[in-house]
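1. Turn this into a model:
(2 chains)
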Amino acid sequence: MPSISRDEVAHLAKLARLAVSEDELDLFAGQLDVILQSVASVGDIATADIPPTSHAVPLTNVFREDVVRPSLGQQQALSGAPEAEDGRFRVPRILGEEA
Amino acid sequence: MTNDLIHATAAELAAKIHSGEVSSVEVTQAHLDRIAETDGKVHAFLHVDTEGALAQARRVDEAVKAGEQVSPLAGVPLALKDVMTTEGVPTTVGSKILEGWLPPYDATVTRKLKEAGVVILGKTNMDEFAMGSSTENSAYGPTHNPWDLDRIPGGSGGGSSASLAAFQAPLAIGTDTGGSIRQPGAVTGTVGVKPTYGGVSRYGLVAFSSSLDQAGPCARTVLDAALLHEVIAGYDHMDSTSINAPVPPVVAAAREGLSGDLSGLRIGVVTQFSGEGYQQGVARSFEAAVSQLKELGAEIADVSCPSFDYALPAYYLIAPSECSSNLARFDAMRYGLRVGDDGTRSTEEVMSLTREAGFGPEVKRRIMIGTYALSSGYYDAYYGSAQKVRTLITQDFAKAFENFDVLISPTTPTTAFKIGERANDPMAMYKADLCTIPANLAGTPAMSVPSGLSDEDGMPVGLQIMAPALQDHRMYRVAAAYEAARGAFGGPSL
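-> Next up, the predicted model:
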């Protein structure tokens, strides 16, 4: 019994902003299913009493002195932009989506 | 002469350069020539920075001539994994999505190398975004193992390790999220070290899985790795997860280890990493290493870490989850590739088309696995459970280190497999990292040191040594002692 369907993979791809092809959907559906079934075994030993670990170094709120340090200038920051205009990143239209 | 220069260790080269016996330019040129001769077969490099390397070499030579005090590895060439940003020098992370990108800044590791006078020869090939165990996932074609060109050099840092094995560089930098330094080290007969998490700054390391990613040194000898370790390690205010503590004294430990005395040292053999799935030649090489460590005076006993059996599944939930979030930054807006922006499409459409065109299949698989594992309804069963397994693995390490100074295992279950052999079977590929993953999940240091060649296929085998957090020097001492006892095991002919 597959744990993940082709439609679910299509939905995941949409969430992840990946315009995957029909062929890829077939390939990935099978592979993701195998992977997810293999990794589901974590549930075998993860009982309710065990606290989760998100990070090997338990740190919270790392602060530094509020001093000005050198950082990238506007030109450097825009140097890798696919398109820039007037010192800003130029992007395709952002309005009118998913009305 | 050239032959001597490319086969010398980094420590030997540094001594010769600093005494004026040879110039860094000569040493650098010898390695550039070697790359030109051999990289058509090996493909360890994605970019060779001839001009930059020679300019740095000249600077070191001038400093030596002027009688200035130079740092211990000044003038020695190094191969840098293409996951570290280099100002004005291409950084692709093995991906089409960053093809042609010239970073506007240096990673902290890059900066430290430059400041130490290390000569960066170029950028090495890797699995795309460091996701893989064979370097076959590079968008720019695979790297070949110098010991057998039909075999993989490991991954993700296959380019760095192959460059060492091919004598193209005496030093290299790797990054290790689930074994990407140690596994390539094992299958190419080189030394690879994953320091304690937070020991080396991640600033400028293109992120894959931030709670696991750790940069570290690669070399052909333990002492060389230690020398490089001390160049790149240390607290960095640009990485809030870097540890604000003194760098472990790894060079002193490597030198101490060379005495060959491990009397009284307690070594635990992890019983989970043996048996079914372990190649006979690997198992025999490991047994021989255990015997040699005993002869050096170490006390060796088995230790069971039952939760390690669940490290692989936990890793393949945690790493994809973090990557699905990290790689959201590749949005076609601020840097990198942009595809399909014809004036009619929306930002979201351009983003989806760009990511589809720019990412390879393994990256897409992991992004989707991560997206799934983090989605509501599945979060507790997958990501949440994996985080609990992480706790159990950390506890197993802590218990084992109550009775043992270091733990050992084979670095990989098998020697290098053939290119293409596991390309269509993600789970088979993932198993290459079986023994290396627990140290990433626990944040503890671990390294691979060559244990000779497998008697079955003549391919290199690695011995993994694991230590408690911030005790990196312990494993260097053991590795150096073992290396001296093991002796030379030859090198590949290219």
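2. which stretches of the chain have low pLDDT?
-> I went with chain A, as the question did not name one. Scanning chain A for pLDDT under 70 picks out A:1-2, A:96-99.
3. wait, I meant chain B there
-> B:1.
4. Would you check how far apart the residue in it that chain A sits nearest to and B:Leu262 are?
-> Nearest residue of chain B to chain A, counting by Cβ to the nearest Cβ: B:Gly443, 2.4 Å away. (Glycine included, C-beta is placed from N, CA and C.) From B:Gly443 across to B:Leu262, the span is 25 Å (Cβ to Cβ, to the nearest Å).
5. dump the residue contacts of the residue positioned nearest the centre of chain A.
-> Nearest residue to the geometric centre of chain A (Cα atoms, centre = their mean): A:Ala16, 6.6 Å. Residues counted as contacts of A:Ala16 (Cβ atoms under 8 Å, 6 or more residues apart in numbering or on different chains) are B:Ser324, B:Arg355, B:Lys364, B:Ile367, B:Met368, B:Thr371.
6. Enumerate every residue touching the most far-flung residue of chain B relative to its centre.
-> Here chain B reaches farthest from its C-alpha mean at B:Thr344, the gap being 43.8 Å by Cα atoms, centre = their mean. Listed by Cβ under 8 Å, 6+ apart, the contact set of B:Thr344 is empty.
7. Please identify the helix or strand for it.
-> Counting by DSSP states H and E, there is no helix or strand that carries B:Thr344.
8. Ok, the one 10 residues further on next?
-> Counting by DSSP H and E, the secondary-structure element that holds B:Thr354 is helix B:347-358.
9. Measure how far that helix is from the centre of its chain, please.
-> Counting by Cα atoms, centre = their mean, to the nearest Å, helix B:347-358 is centred 31 Å from the centre of its parent chain.
10. before we move on, what about stretch B:187-202?
-> Centre-to-centre, stretch B:187-202 and its host chain are 5 Å apart (Cα atoms, centre = their mean).
11. Using CSV, write out every CA atom in it.
-> This file holds the C-alpha atoms of stretch B:187-202, laid out as CSV (Å, rounded to 0.1, in the frame of the first residue of the first chain):
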residue,chain,number,x,y,z
VAL,B,187,37.0,5.4,-0.4
THR,B,188,40.0,7.5,-1.7
GLY,B,189,42.5,6.4,0.9
THR,B,190,42.8,9.9,2.4
VAL,B,191,42.2,11.5,5.8
GLY,B,192,38.9,13.4,6.4
VAL,B,193,37.8,15.1,9.6
LYS,B,194,34.4,16.4,10.7
PRO,B,195,35.2,18.6,13.7
THR,B,196,32.8,19.1,16.6
TYR,B,197,29.7,20.9,15.4
GLY,B,198,30.3,24.7,15.7
GLY,B,199,34.1,24.2,15.7
VAL,B,200,34.4,25.8,12.3
SER,B,201,32.3,28.7,11.1
ARG,B,202,29.5,28.1,8.6
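12. ok, the nearest residue to B:Val389 once chain neighbours are set aside - contacts?
-> Excluding the flanking residues, the one nearest B:Val389 by Cβ to Cβ, 6 or more residues apart in numbering or on different chains is B:Ala314, at 3.9 Å. Neighbouring residues of B:Ala314 by Cβ under 8 Å, 6+ apart: A:Val39, A:Val42, B:Ser385, B:Ala386, B:Gln387, B:Val389, B:Arg390, B:Ile393, B:Ile437, B:Leu441.
13. Kindly report the same for B:Thr347.
-> Taking Cβ under 8 Å, 6+ apart, we find B:Thr347 in contact with A:Val91, A:Pro92, A:Arg93, A:Ile94, A:Glu97, B:Met333.
14. Say whether chain A is contacted by stretch B:222-236.
-> No - Stretch B:222-236 stays out of contact with chain A when judged by Cβ under 8 Å from any Cβ of the partner chain, the minimum separation being 11.2 Å.
15. So which bits of that stretch are buried?
-> Buried residues in stretch B:222-236, defined by neighbour count with 16 or more other Cβ atoms under 10 Å in any protein chain shown: B:222-234, B:236.
16. Cheers, nothing more for now.
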